[in-house]
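> Okay, sequence plus prediction incoming.
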Amino acid sequence: MTTDHGYPAVRMHIAGEWCQGGSGRTAPVVDPATEETIGTVPLASAADLDRALDAAAEGFRVWRDTPVVRRTEILHTAAGLLAERAGEVGRIMTLEQGKPLAEATGEARRAADTLRWHADDARRAYGRIIPSAPGILLSVRREPIGPVAAFVPWNFPAGGPMRKISSALSAGCSLVLKASEETPATAMELVRCFADAGLPAGVLNLVFGEPAEVSARLIASPVTRLVAFTGSVPVGKLLAARAGEVMKPSLMELGGHAPVLVCADADPVQAARRSARAKFANAGQVCTSPSRFLVHESLAEEFTAAFVKAAEEVVVGDGLAEGTTMGPLANERRLRAMERLTADAVAHGAEVRTGGERLGRAGYFFAPTVLTDVPAQAAVLHEEPFGPLAPIVPFTGLDEALRTANALPYGLAAYAFTESAATAERLVRELEAGILSVNHCGGSVHEAPSGGVKDSGYGREGGPEALDAYLVTKRVSHLLGP
C-alpha cells in the first residue's frame, strides 16, 4: 500500500507482525524537497513498547540457540534481498530524507554489504582455551549479551540502523529498534528484508514514538541488556546516564566537529577538492563530516579558491531529479541552524565567499557555503554545523593547528593532508579522534572500526570490534575428574 506520492504506508513490526500500534497517535512524514506531507508514522503506546520488549525476550531465546550457520544463512538471505531492492529502498529514502537518489541507492547497497560482513564475522566470535593446572580446563566463552534497545537518527536511514542490526543479530542478540520518525519507511523496508528472509518472530522489532517516552521505557525495562545509540552529544549523555542508573552497558556513537589540517607541504587544490566532496555529501549531515578547515597560511588563498569553485559546482536540487549532487537539508531545524550559524559568523566579521543563504521558497535547500576570516568566537567553530557550511581558518605552525584541532570536546573524526611521513605520524599520535584519514576524507567502512573519544562517545561499530559490545566474555574453569 502506498500514498499518492508513491510513499509506503508505514507500520511498526512487533513480534513478527506489522501493526499501527494501540495509541492511535501519528506524526507526519515530510518530503524535505517540497515540504509536503507524504505520509504518517504511527507512534507507539506504552503497551506497544512492552509487547516489543516481551517479543525481544522470547526472540532472544530462540535466536541465541539457533546454530550460527543457520543464523548466517538467514542474514545473508536478508542481505541479498536488500541488495535486490536497493533501487526502491533508495527512492523511498530520497522521498523522506532528501539525499540524491544515487547516494540513497548506494547507501542501501552498502547496508547490504555491512550485513554480509557481520554475518560472516559471527563465525569468528572465538573464545579460547587457556593453559592451566593439571585437571583444570580453563576457557573463555563469548556469548550474546541479550536483548538490545537501539536508537538511530535520520541522516543515514539505511546505514545507521544496519550498523546496529547487523552487529546485534550476528552476535546472537535480539533488538527493539527505535528508528527516526522522520525517515521511518526506510527502516521499515530494512526490517521487511529480514522478515522475508525467515528471521524468527520477535528477534527484530521496529517501533516509532515520542523519543523521551520510548527511551525511558526501553532502557528501564529489565528485558534490555544493552543500549546502543547514534545521535547528538546531549541526547547521548542523557541516555548513557539512564543506562548507568540501571547498570546497563551502552554503545554511544555521538556527534563530532571534525578538523581538517592542510599542512604546508600539501597540494592545496587536491586537498580542497577532496575536502569539498566530503563536506557536501549528504548536505553535510554526517557525524564525521569535515567541518573545520585549518589551512597553512601559505596555502590558504589557493585552497579557498579551489574550495569555492568546488562548492559552486555542486548541483543543488530535488534528490529525485537527474543531475542533482546535493539535496535539501532533512528538516526545517537544520535549515534554521544554517541560517543562524552563517549570520553569527558574519556578525563576528567572517566573509561569505560563496553561498550563505536559503535557495528557493519551498524545500529545505541551503547553498553550499564557504566562510573565511572566521574569528575564534564564531559559533560555527564550536558547534557541530551538521550542514553544508565550511569555515576556513589559516594557521602559522603545526603546534598551533593541533591545539586548535584538539581544543573542542569532540573527538570523532579528523582529516589531514601532508606529503611528509614524519608529519603524518605526528598527526596520528597527537590528533584526538577515533578516526583519522590522511590525504583523503574517507568515510566509514564495514571492515574497520568507527567510533569516538571524549564527548563523541565510546565503543566501536564496524570491523571485528563491532561485535564486542554485543557479546559477554565468560570465564569458565572446569575441574576434570573426581
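Sure, I can see it. Numbering: from 1, shown residues only.
> got the contact list for residue 154?
Contact partners of residue 154, counting by C-beta atoms under 8 Å, 6 or more residues apart in numbering, are 97, 180, 182, 183, 330, 331. Every residue, glycine included, has its C-beta placed from N, CA and C.
> Helix, strand, or coil at residue 416?
State at residue 416, reduced to three classes by DSSP: H, G, I helix; E, B strand; the rest coil: strand.
> From residue 265, how far out is it?
11 Å (C-beta to C-beta, to the nearest Å).
> rewinding a little: dump the contacts of residue 154 into a markdown table; add secondary structure, pLDDT and distance to residue 261 as well.
Below are the contacts of residue 154 laid out as a markdown table (DSSP: H, G, I helix; E, B strand; the rest coil; pLDDT from 0 to 100; distance: C-beta to C-beta, whole Å):
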| residue | secondary structure | pLDDT | distance to residue 261 |
| --- | --- | --- | --- |
| 97 | helix | 98 | 31 |
| 180 | coil | 98 | 33 |
| 182 | coil | 98 | 34 |
| 183 | coil | 98 | 33 |
| 330 | coil | 97 | 29 |
| 331 | coil | 97 | 31 |
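> Residue 142 reaches residue 474, doesn't it?
Yes - counting by C-beta atoms under 8 Å, residue 142 does reach residue 474; the two are 7.5 Å apart.
> Neighbour count for the two, which is higher?
residue 142 (18 against 11; other C-beta atoms under 10 Å).
> Could I get the pLDDT score of the more buried one?
Looking at residue 142, its pLDDT stands at 96.
> mind listing what it touches?
125, 126, 127, 471, 472, 473, 474.
> How is the residue nearest the centre of the chain assigned, secondary-structure-wise?
Closest residue to the average C-alpha location of the chain: residue 160 at 4.4 Å, with C-alpha atoms, centre = their mean. Secondary structure state of residue 160, per three-state DSSP, is helix.
> Find the residue closest to it in space, skipping its chain neighbours.
residue 152 (4.2 Å; C-beta to C-beta, 6 or more residues apart in numbering).
> Surely that neighbour touches residue 161?
Yes - under the criterion of C-beta under 8 Å, residue 152 makes contact with residue 161 at 4.9 Å.
> higher neighbour count, the two?
A direct count of neighbours by other C-beta under 10 Å for residue 152 and residue 161 places residue 161 higher, at 28 against 25.
> doesn't residue 190 make contact with the more buried one?
Yes - in this structure residue 161 lies within contact range of residue 190 using C-beta under 8 Å: 5.8 Å.
> picking that back up, have a look at residue 416 and residue 265 and say which one is more surrounded.
residue 416 (26 against 13).
> Check that one and give its pLDDT.
If you check residue 416, the pLDDT there is 98.
> Can you name the residues that contact it?
Counting by C-beta under 8 Å, 6+ apart, residue 416 touches 260, 261, 262, 263, 424, 427, 431, 436, 437, 438, 439.
> Could you list the low-pLDDT ranges of the stretch 251-400 of the chain?
Regions of the stretch 251-400 of the chain meeting the criterion pLDDT under 70 are absent.
> As a check, name the ranges of all strands in it.
Using DSSP state E, counting those that start in this stretch, the strands of the stretch 251-400 of the chain run over 258-262, 290-296, 351-354, 369-372, 389-395.
> export the fourth one as CSV, just CAs?
Output of strand 369-372 as CSV, limited to C-alpha atoms (Å, rounded to 0.1, in the frame of the first residue of the first chain):
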residue,chain,number,x,y,z
THR,A,369,28.7,27.8,1.9
VAL,A,370,32.3,28.8,2.3
LEU,A,371,33.3,31.2,5.1
THR,A,372,36.7,32.9,5.6
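> related to what we said a few turns ago, quick one: buried ones out of the contacts of residue 142?
125, 471 (16 or more other C-beta atoms under 10 Å).
> farthest pair in the contacts of residue 142?
Taking C-beta to C-beta, the two most distant members of the contacts of residue 142 are 126 and 472; they sit 14.4 Å apart.
> so how far is the helix or strand harbouring residue 50 off the chain centroid?
Assigned by DSSP states H and E, residue 50 falls within helix 46-64. Distance, stretch centre to chain centre, for helix 46-64: 25 Å (C-alpha atoms, centre = their mean, to the nearest Å).
> outside of the following helix or strand past it, which residues touch it?
Where DSSP H and E defines the elements, the next helix or strand beyond helix 46-64 is helix 68-84. Contact partners of helix 68-84, identified using C-beta under 8 Å, 6+ apart, comprise 63, 89, 108-109, 111-113, 115-116, 118-120, 122-123, 166, 169-170, 172, 190, 193-194, 196-199.
> thinking again about what came up before, what's the angle from the helix holding residue 50 to helix 68-84?
Orientation of helix 46-64 against helix 68-84 (axes from the mean of the first three to the mean of the last three C-alpha atoms, to 10 degrees) gives an angle of 120 degrees.
> List the buried residues for helix 46-64?
Neighbour counts over helix 46-64 (16+ other C-beta under 10 Å) mark 48-49, 51-60, 63-64 as buried.
> What lies in contact with that helix?
Contacts of helix 46-64 (C-beta under 8 Å, 6+ apart): 12, 14-16, 19, 21-23, 44, 71, 143-144, 146-148, 169, 172-176, 200-205, 207, 209, 213-214, 217-218, 221, 223-224.
> which of these are buried?
Taking 16+ other C-beta under 10 Å as the criterion, what is buried in these is 12, 14-15, 21, 23, 44, 71, 144, 146-148, 169, 172-176, 200-205, 207, 209, 214, 217-218, 221, 223-224.
> Cross those against strands and list the overlap.
12, 14, 144, 148, 175, 176, 204, 205, 207 (DSSP state E).
> Relative to residue 214, how far out is the fourth one?
Between residue 148 and residue 214 the distance is 14 Å, computed by C-beta to C-beta.
> Show me the common contact partners of residue 161 and residue 190, please.
Common contacts of residue 161 and residue 190 (C-beta under 8 Å, 6+ apart): residue 111.
> Okay, and the closest residue to residue 461 other than its chain neighbours sits in which element?
Spatial nearest neighbour of residue 461, excluding adjacent residues (C-beta to C-beta, 6+ apart): residue 163 at 4.7 Å. Assessed by DSSP H and E, residue 163 sits inside helix 159-171.
> Same check on residue 141?
strand 136-144.
> I figured residue 188 was touching residue 7, is that so?
No - contact between residue 188 and residue 7 fails when scored by C-beta under 8 Å: they sit 11.0 Å apart.
> Who has more neighbours out of the two?
residue 188 (22 against 19).
> Find the residue closest to that one in space, skipping its chain neighbours.
Distance criterion C-beta to C-beta, 6+ apart; nearest residue to residue 188, sequence neighbours excluded, is residue 10 at 5.8 Å.
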